[in-house]
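Asks: below is the structure, and that's it, no one-letter string:
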């Protein structure tokens, strides 16, 4: 491996861990990022000449740490965090001491602190997502902007605003105390799932699936499970993402959306499915039950059916029934109604669906109309189905999904 | 860090029932006493309702004085605490304990970090 590739690989694998440690030491996201960038630049210069260090990540961390110390010496300002930095310098050894003890540099919980800070509910969701991908995911501002289809300056502004809020509002760089942990963990899981969903179904644009974001979310999910291994919902979230992701090559064919029912199941990634299935089992054994596990269990039932007719809709309907207890969102109730339509009968499903949509709550939600249209189509009530497809089309902006709805509409005419 | 807790509450035309008002005051006193004992209470006040408010806006050399609060909103500023907290998480825990129903219906707390102004020489 040449030196540049080695630097890139270390960045990809280790930058989250490294920046987490540097933020703890410096008390500043900006200083930590700057020092890390300088250290990677130094690696690009040094490694081709001297060969790869034995432990590249430790080399980067030690070099960045030195940069931080140099920086603090140069600044000599009376910033509040200065004291913390000076203290760290004393405890971690003299600046010219190259043999910085690796155990002192890597606290295993640094990334955990970082993820709780990045996903703090006092930050807005866009800021949480951007900061998590930037720091823990090691993605560049350009990459994140491209993935979320926003202009780069907009994304950069989100990052600046989030980092400033952390600093100015005093959001702690800490693992939340036990009584607060469950609530805060929920918001970390929500950020990871949001990243996954953004990759899985792009809200607008030409591309249905943005695989980078899905892979990144799965990576973050694995990391969360590694850092907090006793949480069944962390396993549930990871399983859910893997089981959805396993269908990525089957969901789109020639730039056309393929429904679950029509997918070529031989294209499903069996590796991800079997990992997802065993994670669901493990999570359910461990408990307590939670919404990610239930959704993963539903995805698992779909994954286990060799063909659409084999799908265990009765059990899926039962699982949605449990899910409604955790999440009163009308979207879950809508899915529950679909499962009932597929198991107990279309009439009953449609009745439930219309009850969920009563009062116009879901009028602006294209999947409500698309789901109704699909059930009406199966009941041979074509005129009503066509009307529902038209309403769904009017609400959707993703080209691939629009094409799908238009094809369905054309087919029943 | 020093934080200001702005209490926003929906003003009702009817005053609180006496026992409700008493419970509310007791809850405020409990927060104040706890904060005072911990040595973190910097300030606390309740405000009279917005029908007592006057807004003054100076512009172009003149001052315009109008009746009422600067903005008509669903929830109005009803009082504040200033507490010295460890960090935002600590502040959020205090905010959860501060009653917000002082003007009738339920309300919310806005937490704002207080700027360290440079001392006047």
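Replies: Cool, got the structure. On a predicted model such as this, the values are computed, not experimentally measured, just so you know.

Asks: show me which residues of chain B are close to chain A?
Replies: Counting by Cβ under 8 Å from any Cβ of the partner chain, the positions of chain B adjacent to chain A are B:1, B:3, B:85-89, B:91-92, B:111, B:113. All C-beta spots, glycine's among them, are computed from the backbone N, C-alpha and C.

Asks: could you identify the longest helix within chain B?
Replies: Longest helix in chain B, counting residues (DSSP state H): helix B:18-37.

Asks: now do that one, average pLDDT.
Replies: The average of the pLDDT scores along helix B:18-37 is 94.

Asks: one more: stretch A:160-172?
Replies: Stretch A:160-172 shows a mean pLDDT of 95.

Asks: ok, that stretch near chain B or not?
Replies: Yes. Counting by Cβ under 8 Å from any Cβ, chain B is contacted by stretch A:160-172 at A:168-172.

Asks: name the nearest residue to residue A:346, ignoring sequence neighbours.
Replies: residue A:379 (4.9 Å; Cβ to Cβ, 6 or more residues apart in numbering or on different chains).

Asks: the one you found - how many residues pack around it?
Replies: 16 (other Cβ atoms under 10 Å in any protein chain shown).

Asks: find me the pLDDT at the one residue in the stretch 1-150 of chain A that gets nearest to chain B, would you?
Replies: Of all residues in the stretch 1-150 of chain A, residue A:122 sits closest to chain B, at 5.9 Å by Cβ to the nearest Cβ. pLDDT for residue A:122: 95.

Asks: likewise residue A:407?
Replies: 89.

Asks: contact partners for it?
Replies: When contacts are counted by Cβ atoms under 8 Å, 6 or more residues apart in numbering or on different chains, residue A:407 touches residue A:256.

Asks: can you point out the buried residues in the strand or helix carrying it?
Replies: Using DSSP states H and E, the element containing residue A:407 is helix A:399-412. Within helix A:399-412, the residues that count as buried by 16 or more other Cβ atoms under 10 Å in any protein chain shown are A:399-402, A:404-405, A:408-409.

Asks: chain A: strands as residue ranges?
Replies: With strands called from DSSP state E, chain A shows them at A:252-253, A:256-257.

Asks: what would those look like in a markdown table with mean pLDDT?
Replies: Compiled in a markdown table, those are given as follows (pLDDT from 0 to 100):
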| stretch | mean pLDDT |
| --- | --- |
| strand A:252-253 | 80 |
| strand A:256-257 | 77 |
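
Asks: quick one: contacts for residue A:408?
Replies: A:373-374, A:377, A:389.

Asks: what is the nearest of these to residue A:300?
Replies: Of all those, residue A:374 has the smallest distance to residue A:300: 22.5 Å, by Cβ to Cβ.

Asks: what is the least confident helix or strand in chain B?
Replies: When the helices and strands of chain B are scored by mean pLDDT, DSSP states H and E, strand B:104-113 comes last with a mean of 87.

Asks: so in that sheet, which strands flank that strand, and in what orientation?
Replies: Take DSSP bridges as the rule and strand B:104-113 pairs in its sheet with strand B:2-11 (antiparallel).

Asks: pull the distance from the strand it pairs with to the chain's centre.
Replies: Centroid separation for strand B:2-11 versus its chain: 3 Å, with Cα atoms, centre = their mean, to the nearest Å.

Asks: and what of stretch A:49-57?
Replies: 32 Å.

Asks: now what about that stretch, what contacts it?
Replies: With contact meaning Cβ under 8 Å, 6+ apart, stretch A:49-57 is reached by A:3, A:6-7, A:10, A:13-14, A:17-18, A:43, A:47, A:59, A:102.

Asks: just the buried ones among those residues, please.
Replies: The buried subset of these (16+ other Cβ under 10 Å) comprises A:3, A:6-7, A:10, A:14, A:17-18, A:43, A:47, A:59.

Asks: got the buried residues of helix A:399-412 as a markdown table, with distance to residue A:339 columns?
Replies: Listed next are the buried residues of helix A:399-412 as a markdown table, based on distance: Cβ to Cβ, whole Å:
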| residue | distance to residue A:339 |
| --- | --- |
| A:399 | 29 |
| A:400 | 25 |
| A:401 | 21 |
| A:402 | 26 |
| A:404 | 21 |
| A:405 | 21 |
| A:408 | 20 |
| A:409 | 24 |
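
Asks: closest one of those residues to chain B?
Replies: residue A:401 (37.3 Å).

Asks: ok, the closest one touching residue A:258?
Replies: No. Using Cβ atoms under 8 Å, residue A:401 makes no contact with residue A:258, being 11.5 Å away.

Asks: ok, the residue nearest to the spatial centre of chain A - contacts?
Replies: Computing the C-alpha centroid of chain A and ranking residues by Cα atoms, centre = their mean puts residue A:192 first, at 2.7 Å. Taking Cβ under 8 Å, 6+ apart as the criterion, residue A:192 is in contact with A:132, A:217, A:220-221, A:224, A:237, A:241.

Asks: mind redoing it with 10 Å?
Replies: Going by Cβ atoms under 10 Å, 6 or more residues apart in numbering or on different chains, residue A:192 touches A:115, A:119, A:129, A:132, A:136, A:216-221, A:223-224, A:234, A:237-238, A:241.

Asks: check residue A:346 too.
Replies: A:340, A:353, A:375-376, A:378-381.

Asks: repeat that with 6 Å
Replies: Residue A:346 makes contacts with A:375, A:378-379, as judged by Cβ atoms under 6 Å, 6 or more residues apart in numbering or on different chains.

Asks: next: residue B:5.
Replies: B:81, B:95, B:98, B:109, B:111.

Asks: could those be laid out in a markdown table, adding distance to residue A:273?
Replies: What follows is the contacts of residue B:5, written out as a markdown table (distance: Cβ to Cβ, whole Å):
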| residue | distance to residue A:273 |
| --- | --- |
| B:81 | 54 |
| B:95 | 45 |
| B:98 | 50 |
| B:109 | 47 |
| B:111 | 46 |
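
Asks: pretty sure residue A:216 sits against residue A:137.
Replies: Yes. Residue A:216 lies in contact with residue A:137 (Cβ atoms under 6 Å); the separation is 5.1 Å.

Asks: so where is the stretch 301-413 of chain A shaky, pLDDT-wise?
Replies: Within the stretch 301-413 of chain A, no stretch has pLDDT under 70.

Asks: can we see that at 80?
Replies: Applying pLDDT under 80 to the stretch 301-413 of chain A flags the ranges A:359, A:396-400, A:413.

Asks: coming back round to it: show residues contacting the longest helix of chain B.
Replies: B:41, B:44, B:83, B:97-99, B:102.

Asks: buried residues in it, which are they?
Replies: B:28, B:31, B:35.

Asks: okay, the angle between it and strand B:2-11?
Replies: Per axes from the mean of the first three to the mean of the last three Cα atoms, to 10 degrees, the angle that helix B:18-37 makes with strand B:2-11 is 180 degrees.

Asks: now find how far off-centre helix B:18-37 is within its chain.
Replies: Taking mean C-alpha positions (Cα atoms, centre = their mean), helix B:18-37 and its chain are 14 Å apart.

Asks: same check, this time on stretch B:17-27
Replies: Worked out by Cα atoms, centre = their mean, stretch B:17-27 lies 17 Å from the chain centre.

Asks: for residue 81, give me the pLDDT.
Replies: Going with chain A. 54.

Asks: looking at chain B here, not the other one
Replies: 97.

Asks: roughly how far does residue B:74 sit from chain A?
Replies: The spacing between residue B:74 and chain A, counted by Cβ to the nearest Cβ, to the nearest Å, is 21 Å.

Asks: Three-state assignment for that residue, please.
Replies: coil (DSSP: H, G, I helix; E, B strand; the rest coil).

Asks: please tell me how far the closest residue to it other than its chain neighbours sits from residue B:99.
Replies: Once flanking residues are discounted, residue B:74 sits nearest to residue B:10: 6.4 Å by Cβ to Cβ, 6+ apart. To residue B:99, residue B:10 is 13 Å away according to Cβ to Cβ, to the nearest Å.

Asks: what's around the nearest residue to residue A:260 once chain neighbours are set aside, how many residues?
Replies: Ranked by Cβ to Cβ, 6+ apart and with sequence neighbours excluded, the top spatial neighbour of residue A:260 is residue A:302, at 6.3 Å. The tally of other residues near residue A:302 (other Cβ under 10 Å) stands at 22.
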